[in-house]
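Asks: need a structure here:
(2 chains)
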Amino acid sequence: MNKRSLLAGPYIVWIIGFTVLPLLMIIFYALGDGRGEMTMSNILAIFEPVHLKALLLALWLAILCTGICLVLAYPLALILRKLNIGKQGMMAIIVILPMWVNFILRIMAWQLLLSRNGLINGALGAIGLPGQDLANSSMAIVIGMVYDYLPFMILPVYNAVTDLKDDVIEAARDLGAPPKAVLTRIMIPLTKPGIISGITMVFVPSLTAFAIPDILGGGKVMLIGNIIEQEFSTSMNWHLGSGLSIALMIFVLISMIFTSNEEEGKERRAW
Amino acid sequence: MKKSVKKNLLTACLLLMLGLLTWTLMGCGNTGEEESSVDMSEAGGGNTITVLNYGEYIDTSVLRDFEKETGIKVLYEEATTPEEMYSKYTSSTIPYDLICSSDYMIERLIAEGEVVELDHSKMQYVNNIGDFYWKLSRTYDPENKYSIPYFWGTVGILYNKSMIHEEITSWDSLFNGEYAGEIIMQNSIRDAYMCALKYQGHSLNTTNRKELQQAQNLLLKQKPDVEAYFVDEVREEMVAGNAALAVCYSGEAYLAHEYENDLEYVLPKEGSNIWIDSWIMMKKGKNHEGAQKFLDYLCRGDVAVKNFEEIYYPTPNTAAYNSLDEEVREDPLIFPEQSVVEKCEVYKALDDKTMALYSQMWKELKTK
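Replies: Numbers count the residues shown, from 1 in each chain, chains lettered A, B, ... in the order given. All right, here's what the predicted structure looks like:
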């Protein structure tokens, strides 16, 4: 055994112990019915109306969250690009700073902000506007997810945008492209790998989220992640829970293949 | 210059971390040592008993008095949840003599053969426990051989008087649509369905599919009116005034009332869930005789009163109850009306098929 493979040892142990084995166990549980028979019914259970509904709602909220993150992150990245290096570092720290606080704590803070007698409604009341019923709804979940996952969109997009060469943009302008065309035909295509990387990093966790919907949804909104959690914790049906996890994994993989086909650039991606 | 500053800073950081590390290690070592010294040298000895109870669930002077009167030393430990108690009992080497836990956990421990029968003939004061509570505890201890009820409570409606200007008496207020957007339900399966089942006049332990389906229809209809399904947040949300009424445990309700006087608790007239915490004597224990003495001591009227005045949960001890002031006895926040309490039921463990149905219905309700 040479030195290099020896150094990889801990990593291999880690991967086998905490990724490969658990995955095999999930597959094992998913294919069993608890009586020793093989079955596909746990995986196909994703097509039951209840589960399908939760999956579609999760999908919708994830798309919404990803879209909002992109719309917020891209202009911010463009602004950052114009700043000098020192200010850029400052801004990057501001973006990353919230990530140093545990995300559950941040979500609980949102719960207080959004609640009926919370800070936001208090502020609205103070300027004479009617209070909003923001808490415990799908909207609250989207707000929480955007807040939590925005840095995952900003960082890759920011990386891609700072790599843009000024020459290319100036050339486009020289050749008479209006600002809109510069954006849509030059800048966006050139930063596509960053955008796609950001989309994947926001879309996947928001599709599978269960803690944020649990806290901000007031228990009224059940996404596919919550259903899987319920099967494991309260219903103690590990077979169904594993089956649904596998189905969700397949779903995520399909969407990843879809996005990586889109990618043409050779640039590094953040994941 | 700059470099050395950086270096100094780094050293300082490292030192700080090292300090913290040793401090935590020493802290841990200390508590560990304390625990083990207590348990190894004294637990299981002739004149000690080891007791596991919920936190803040006894008047600690009772322990000292017991030690003085009998010469038996009490090693007292606390846990937060029944599950924690279970793992503490099964996985540690501490020979617990007595555990005070909740109905379903007692049922589980009895089924696993971990509980030892009590000899009532050796206990002078055990008859202080009212017949009604013996009858209730038969749900999990069919012959009353293993457990002695300690405190009990109910699940009812906590409502905010400043937001609701009528007297709430029935589950009906949750389902009649009058308080749309003002209702907090319990976010746990049995507690949520229990309200609907009781309102419709069924047993909360029913396995009848038709009755369960009726309850489901009612909850589905109610869902748009529900502000949220919560468990731990109920008290805070009610104190903050974020909802006008909530399904709530009586103990939580009492605390909420302490924070906010406008919050009233009512046990709905149709009946509800009643829970009982009881003492059991464990197989692993080393001093069963001393343990029985301690249980007997807890049943003594004046001792039960002391504990009651510490906790303010309803006591099943008739001698204690009779010696309380009339004002306390008639406080509906502590002792609900007996005629309503008699309509309450203890949760029974359900068969797998019914639990699967519950889980399916719950998903349907939540994804609606």
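
Asks: check the secondary structure at the closest residue to B:Cys344 other than its chain neighbours for me.
Replies: Excluding its sequence neighbours, the residue lying closest to B:Cys344 (Cβ to Cβ, 6 or more residues apart in numbering or on different chains) is B:Ile274, at 3.8 Å. (Each C-beta comes from the backbone N, C-alpha and C, glycine too.) Classification of B:Ile274 using DSSP: H, G, I helix; E, B strand; the rest coil returns strand.

Asks: tell me the contacts of B:Ile274?
Replies: Taking Cβ atoms under 8 Å, 6 or more residues apart in numbering or on different chains, we find B:Ile274 in contact with B:136, B:152-154, B:341, B:344-346.

Asks: which one is A:Leu57 nearest to, not counting chain neighbours?
Replies: Here the residue nearest A:Leu57, using Cβ to Cβ, 6+ apart, is A:Leu223, at 6.0 Å.

Asks: chain B contacts on the stretch 51-200 of chain A?
Replies: A:51, A:53-54, A:57, A:115-117, A:133, A:135-136 (Cβ under 8 Å from any Cβ of the partner chain).

Asks: keep only those of these that are in strands.
Replies: Using DSSP state E, no member of these sits in strands.

Asks: out of those, which is most surrounded?
Replies: When neighbours are counted by other Cβ atoms under 10 Å in any protein chain shown, A:Asn136 leads those with 29 neighbours.

Asks: strands of chain B, start to end?
Replies: Here chain B has its strands, by DSSP E, at B:48-54, B:73-79, B:98-102, B:115-116, B:147-160, B:183-186, B:226-230, B:245-249, B:263-266, B:274-282.

Asks: now the ones you listed in CSV, with distance to B:Lys122?
Replies: Output for the strands of chain B, formatted as CSV (distance: least, Cβ to Cβ, whole Å):
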stretch, distance to B:Lys122
strand B:48-54, 15
strand B:73-79, 18
strand B:98-102, 15
strand B:115-116, 13
strand B:147-160, 13
strand B:183-186, 41
strand B:226-230, 45
strand B:245-249, 34
strand B:263-266, 38
strand B:274-282, 12
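
Asks: these: which one's closest to B:Gly290?
Replies: Comparing these by their distance to B:Gly290 (Cβ to Cβ), the top pick is strand B:48-54, with 4.5 Å.

Asks: give the rounded mean pLDDT of that closest one.
Replies: Taken as a whole, strand B:48-54 has an average pLDDT of 94.

Asks: show me what it is packed against.
Replies: Judged by 3 or more Cβ pairs under 8 Å, 6 or more residues apart in numbering or on different chains; DSSP states H and E, strand B:48-54 is in contact with strand B:73-79, helix B:82-91, strand B:98-102, helix B:288-299.

Asks: for the ones you listed, which has the smallest mean pLDDT value?
Replies: helix B:82-91 (a mean of 85).

Asks: residues contacting that helix, please?
Replies: The contact list for helix B:82-91, computed with Cβ under 8 Å, 6+ apart, reads B:52, B:77, B:79, B:94, B:96, B:99, B:101-102, B:104-105, B:108-109, B:114, B:282, B:284.

Asks: would you point out the most distant pair within the residues you listed?
Replies: Greatest spacing in these, by Cβ to Cβ: B:Ile94 and B:Tyr104 (22.9 Å).

Asks: which residues touch B:Asp232?
Replies: Per Cβ under 8 Å, 6+ apart, neighbours of B:Asp232: none.

Asks: now B:Tyr150
Replies: Per Cβ under 8 Å, 6+ apart, neighbours of B:Tyr150: B:100, B:276-279, B:298, B:316.

Asks: residue ranges in the stretch 1-150 of chain B under the pLDDT threshold?
Replies: Scanning the stretch 1-150 of chain B for pLDDT under 70 picks out B:1-46.

Asks: residue of it with the smallest distance to chain A?
Replies: Of the residues in the stretch 1-150 of chain B, the one nearest chain A is B:Glu83, at a distance of 11.7 Å by Cβ to the nearest Cβ.

Asks: distance of that residue relative to A:Trp238?
Replies: Using Cβ to Cβ, to the nearest Å, B:Glu83 is found at 18 Å from A:Trp238.

Asks: if you count what's nearby, which of the two comes out ahead?
Replies: In this comparison of B:Glu83 against A:Trp238, neighbours counted by other Cβ under 10 Å, the higher total goes to A:Trp238 at 18 against 12.

Asks: measure the more buried one to A:Phe251 for me?
Replies: According to Cβ to Cβ, A:Trp238 and A:Phe251 sit 20 Å apart.

Asks: can you name the two of the contacts of B:Tyr150 that are farthest apart?
Replies: B:Ile276 and B:Leu298 (14.5 Å).

Asks: wait, what's in contact with B:Tyr313?
Replies: B:151-153, B:250-251, B:254, B:334.

Asks: put the alpha carbons of stretch A:200-211 into PDB.
Replies: Listed next in PDB are the C-alpha coordinates belonging to stretch A:200-211 (Å, rounded to 0.1, in the frame of the first residue of the first chain):
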ATOM      1  CA  THR A 200     -28.800  22.900  -7.000                       C
ATOM      2  CA  MET A 201     -27.500  24.000  -3.600                       C
ATOM      3  CA  VAL A 202     -30.700  25.800  -2.800                       C
ATOM      4  CA  PHE A 203     -33.200  23.600  -4.500                       C
ATOM      5  CA  VAL A 204     -32.200  20.200  -3.000                       C
ATOM      6  CA  PRO A 205     -32.200  21.200   0.600                       C
ATOM      7  CA  SER A 206     -35.400  23.200   0.300                       C
ATOM      8  CA  LEU A 207     -37.100  20.200  -1.400                       C
ATOM      9  CA  THR A 208     -36.200  17.900   1.400                       C
ATOM     10  CA  ALA A 209     -36.600  20.300   4.300                       C
ATOM     11  CA  PHE A 210     -38.600  19.200   7.300                       C
ATOM     12  CA  ALA A 211     -37.400  21.300  10.300                       C
END
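
Asks: now, which of the residues of the stretch 51-200 of chain A next to chain B lie within helices?
Replies: Judged by DSSP state H, these include A:51, A:53-54, A:57 as members of helices.
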